[in-house]
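A.B. asks: Sequence first, predicted model second:
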Amino acid sequence: MPTDRRDLQRKLFGLVSAQGGYFTAAQAKEVGYSYQAQAYHVRAGNWLRVDRGLFRLTPWNPDTHDDLIRWTLWSRGMAVISHETALVVHDIGELESPRTHLTVPPHFSRRDAAVTLHWANLRESDVIQRTGFRVTNATRSLIDVAGSADEDQLARAIEDGRDRGLFTLRGLREHAEATDLKAALRIERALQLPAQ
């Protein structure tokens, strides 16, 4: 029996290593942990219950943005990190939000007070795969926040992204015009502001 337990632990570790230590009850069941065994590991302190049916290995050392993996698992892989949260991932600008922003397909119906949901069908070219989660690229993220962001903050975020080589101004303008004309206008206004 000890060999079986070590084998289960190896399988679980292999799974969670790509998910920042997070895993769902369904994933644990697939690996071989019964629901009774899952309850035992939570009581024993081996697993931390993060949410209903969502766990994290207790000794796992979190990495930057590992918390976003939680929302990917919560959404059953449908959510894409977006808007202000995506800008934080890309480390551009100072547009922050106390809630995690997710873009989900139009049919998505789950809710959580810790997230702000945006419903849209994203183009694959607008999405980047990171370890354990997907995030909108810098261009799409700026377009998404342009309608509600302060123009000065938007201008700084655009400058940060351009300086880091994440996009060209021409590419940003063209993508904004093709995606959201209101956002394109706000981006153009932000670009006309005097340099800070």
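C.D. replies: Thanks, I have the structure now. Residues are numbered from 1 along each chain as shown.
A.B. asks: Would you quantify the distance from the residue most central in space within the chain to Arg70?
C.D. replies: The chain has Ile81 as the residue nearest its centroid, 3.1 Å off, counting by C-alpha atoms, centre = their mean. Noted for Ile81: a distance of 11 Å to Arg70, by C-beta to C-beta, to the nearest Å. C-beta coordinates here come from the backbone N, C-alpha and C atoms, glycine included.
A.B. asks: that older thread, list the beta-bridge partners for the residue nearest to the centre of the chain.
C.D. replies: Following DSSP bridges, Ile81 is listed with bridge partners Leu102, Val135.
A.B. asks: Check whether it really touches Arg140, as I assumed.
C.D. replies: No. The criterion here is C-beta atoms under 8 Å, and Ile81 misses it with Arg140 at 11.1 Å.
A.B. asks: Now do stretch 105-125: everything it contacts.
C.D. replies: 71, 74-75, 78-80, 82-83, 97, 99-104, 136-137, 140, 144 (C-beta atoms under 8 Å, 6 or more residues apart in numbering).
A.B. asks: okay, now the residue nearest to Ser82 when sequence neighbours are not counted: neighbour count?
C.D. replies: Leaving aside its chain neighbours, Ser82 sits nearest to Thr103 (4.1 Å; criterion: C-beta to C-beta, 6 or more residues apart in numbering). For Thr103, the count of nearby residues is 26 (other C-beta atoms under 10 Å).
A.B. asks: swap in Val89?
C.D. replies: Neighbours around Val89, by other C-beta under 10 Å: 20.
A.B. asks: Quick check: it touching His83?
C.D. replies: No. Val89 lies out of contact with His83 (C-beta under 8 Å); the separation is 10.7 Å.
A.B. asks: Which parts of the chain are helices?
C.D. replies: Assigned by DSSP state H, the chain shows helices spanning 2-16, 25-31, 35-43, 67-74, 83-90, 138-146, 151-163, 169-179, 181-192.
A.B. asks: would JSON lines of the ones you listed with mean pLDDT be doable?
C.D. replies: Listed next are these as JSON lines, based on pLDDT from 0 to 100:
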{"stretch": "helix 2-16", "mean pLDDT": "84"}
{"stretch": "helix 25-31", "mean pLDDT": "95"}
{"stretch": "helix 35-43", "mean pLDDT": "95"}
{"stretch": "helix 67-74", "mean pLDDT": "93"}
{"stretch": "helix 83-90", "mean pLDDT": "97"}
{"stretch": "helix 138-146", "mean pLDDT": "97"}
{"stretch": "helix 151-163", "mean pLDDT": "95"}
{"stretch": "helix 169-179", "mean pLDDT": "96"}
{"stretch": "helix 181-192", "mean pLDDT": "95"}
